[in-house]
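Visitor: Here is my input; please provide its structure:
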Amino acid sequence: MYNNIVDIQNLKIYFQIRQGFVEEVIKREKKIVKAVDNIDLSIKKGEILSLVGESGSGKTTTGRAILQLAKKTDGKILFDGDEINRKDKKYMHTFRERAQMIFQDPYQSLNPKFMVIDIVAEPLQLMKIKISQEEKIKKVIKALEFAGLKPGKDYLYRYPHELSGGQRQRVSIATCFIVSPDFIVADEPVSMLDASVRADILKLFVSMKEQKDTSFLFITHDLALAWLISDRIAIMYLGKIMEMGSADLIAGSCLHPYSQALTSVLAVVGDKRKKKRIVLEGETPSPMNIPKGCRFHTRCPICQKKCKQSEPELKEISSGHFVACHFPQKIN
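Guide: Numbering: from 1, shown residues only. The predicted structure follows:
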């Protein structure tokens, strides 16, 4: 039995930027954005793995590539042990049932012209699952109630504009759940919601994992959220994974300078020690002009000569703990 639901091997996703006439035709200069630059990543069955990083780090692009919503430049993406075959329509039909996505903005991801019953039941129609109207209503109600909208029948004939932000996101979750997926990419699913609603949505994800054995790629910029919900965390910076390990290890014992900067502002319950806040200087370089050597060296507080000359590989320094740094150490 294959233990991983997703395996990413040497994944690259590059975008060519359109330029002016002079640069493209006369100078023949090509500007390439390296959104995701040669990463390896695996997600176990029944696991929540969080991908954490700043805006522009490549988190969302990675998630979209797994679901075939972004075209890869190179590398392999395996789903349940098999490489995803976009040319095989029968395979992709099954893949779309098993892999779903929850988008960041519940105000944009729902069609305002459709009622809730039509939105939630749409995957059944797209998958050409033939059921009666009575069965369809039962399935939609069950999905809505699992997503926390109770009683489900009260929401069937409402339009998105009649729902709150939290209710809309629950409708999005119900839309995923109705086909009982094995894997979900949740792209900043609670960033636009109130704090109280966030907690309920996160509990729902954990419930899906425990009751349905659903695997998640949870994409977020908020390390505190990732720590609360995840089994493992991967820290991403400028298209590369900097560090990866269990949630508790990353929150308390990370060794990459970038990870430590993120965790220095993370409040850990029961930890009374005073932690020195690590403030990174400078701005994140452009993915069109990635620095030579370690791509974090322009902001790294412990940068040395070697860091400017060669790029570190992501290496396993202890069981399940991977770090891409020449000098992994505790800064404070």
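Visitor: So, low pLDDT: which residues of the protein?
Guide: Scanning the chain for pLDDT under 70 picks out 1-2, 19-29, 267-275, 332.
Visitor: where exactly do the helices run in the stretch 101-250 of the chain?
Guide: Here the stretch 101-250 of the chain has its helices, by DSSP state H, counting those that start in this stretch, at 116-126, 133-146, 165-177, 195-212, 223-229, 247-253.
Visitor: Which among the ones you listed is found nearest to A70?
Guide: Comparing the helices of the stretch 101-250 of the chain by their distance to A70 (C-beta to C-beta), the top pick is helix 165-177, with 18.9 Å. For every residue, glycine as well, the C-beta is placed using N, CA and C.
Visitor: Near R96, how many other residues are there?
Guide: Burial measure for R96: 16 neighbouring residues, criterion other C-beta atoms under 10 Å.
Visitor: Setting the sequence-adjacent residues aside, check what's closest to it.
Guide: Distances taken as C-beta to C-beta, 6 or more residues apart in numbering place M127 nearest to R96, at 7.0 Å, with adjacent residues excluded.
Visitor: Run a quick neighbour tally on that neighbour.
Guide: Residues contacting M127 under the criterion other C-beta under 10 Å number 14.
Visitor: re earlier: nearest to A186 among the helices of the stretch 101-250 of the chain would be which one?
Guide: helix 195-212 (6.8 Å).
Visitor: now the angle from that closest one to helix 165-177?
Guide: 20 degrees (axes from the mean of the first three to the mean of the last three C-alpha atoms, to 10 degrees).
Visitor: Geometric centre of this structure: which residue is closest?
Guide: For the chain, the residue sitting closest to the mean C-alpha position, by C-alpha atoms, centre = their mean, is I219 at 2.8 Å.
Visitor: Can you tell me how far it is from P112?
Guide: Shown here: I219 relative to P112, a distance of 25 Å by C-beta to C-beta, to the nearest Å.
Visitor: Kindly report the same for L163.
Guide: Counting by C-beta to C-beta, the gap from L163 to P112 is 11 Å.
Visitor: and what of L78?
Guide: 37 Å.
Visitor: picking up where we left off before, quick check: the residue nearest to the centre of the chain touching E188?
Guide: Yes. Using C-beta atoms under 8 Å, I219 is in contact with E188, at 5.9 Å.
Visitor: joint contacts of these two?
Guide: Residues within reach of I219 and of E188 at once, by C-beta atoms under 8 Å, 6 or more residues apart in numbering, are T60.
Visitor: sorry, back to before: please say which of L78 and P112 ends up with more neighbours.
Guide: L78 (17 against 10).
Visitor: How about that one: which residues does it bridge to?
Guide: Beta-bridge partners recorded for L78 (DSSP bridges): D7, E83.
Visitor: Highest mean neighbour count out of the helices of the stretch 101-250 of the chain?
Guide: helix 165-177 (a mean of 23; mean count of other C-beta atoms under 10 Å).
Visitor: what is the orientation angle of that one with helix 116-126?
Guide: When the same axes, to 10 degrees is applied, the directions of helix 165-177 and helix 116-126 differ by 20 degrees.
Visitor: Other residues contacting helix 165-177?
Guide: 100-103, 106-107, 109-110, 116, 119-120, 122-123, 140, 143-144, 146-149, 155, 160, 163, 184, 189-190, 192-194, 197, 200-201, 204, 208.
Visitor: F327 is in contact with K305, isn't it?
Guide: No. F327 is beyond contact range of K305, at 11.2 Å (criterion: C-beta under 8 Å).
Visitor: Please say which of the two ends up with more neighbours.
Guide: Using other C-beta under 10 Å as the criterion, F327 and K305 rank with F327 on top: 16 against 9.
Visitor: For D248, which non-adjacent residue is spatially closest?
Guide: Using C-beta to C-beta, 6+ apart, the nearest residue to D248 is W227, at 7.8 Å.
Visitor: The one you found against L249, yeah?
Guide: No. Contact criterion C-beta under 8 Å: W227 and L249 do not qualify, at 10.4 Å.
Visitor: Going along the chain, name the strands of the stretch 151-300 of the chain.
Guide: Along the stretch 151-300 of the chain, counting by DSSP state E, counting those that start in this stretch, strands occupy 183-187, 215-220, 232-237, 240-246.
Visitor: thought S264 was touching I278?
Guide: Yes. If you go by C-beta under 8 Å, S264 and I278 touch, sitting 4.3 Å apart.
Visitor: ok, now which ones touch the residue nearest to R96?
Guide: Applying C-beta under 8 Å, 6+ apart, one finds that M127 lies in contact with H93, R96, E97, V179.
Visitor: Check those residues for burial and list the buried ones.
Guide: R96, E97, V179 (16 or more other C-beta atoms under 10 Å).
Visitor: Three-state assignment for the first one, please.
Guide: Following DSSP: H, G, I helix; E, B strand; the rest coil, we place R96 in the helix state.
Visitor: shift numbering so it begins at 14
Guide: Sure thing, new numbering starts at 14, so read that last one as R109.
Visitor: how much space between it and K58?
Guide: R109 sits 19 Å away from K58, going by C-beta to C-beta.
Visitor: re earlier: out of the helices of the stretch 114-263 of the chain, flag the one nearest I248.
Guide: Nearest of the helices of the stretch 114-263 of the chain (C-beta to C-beta): helix 260-266, 6.9 Å.
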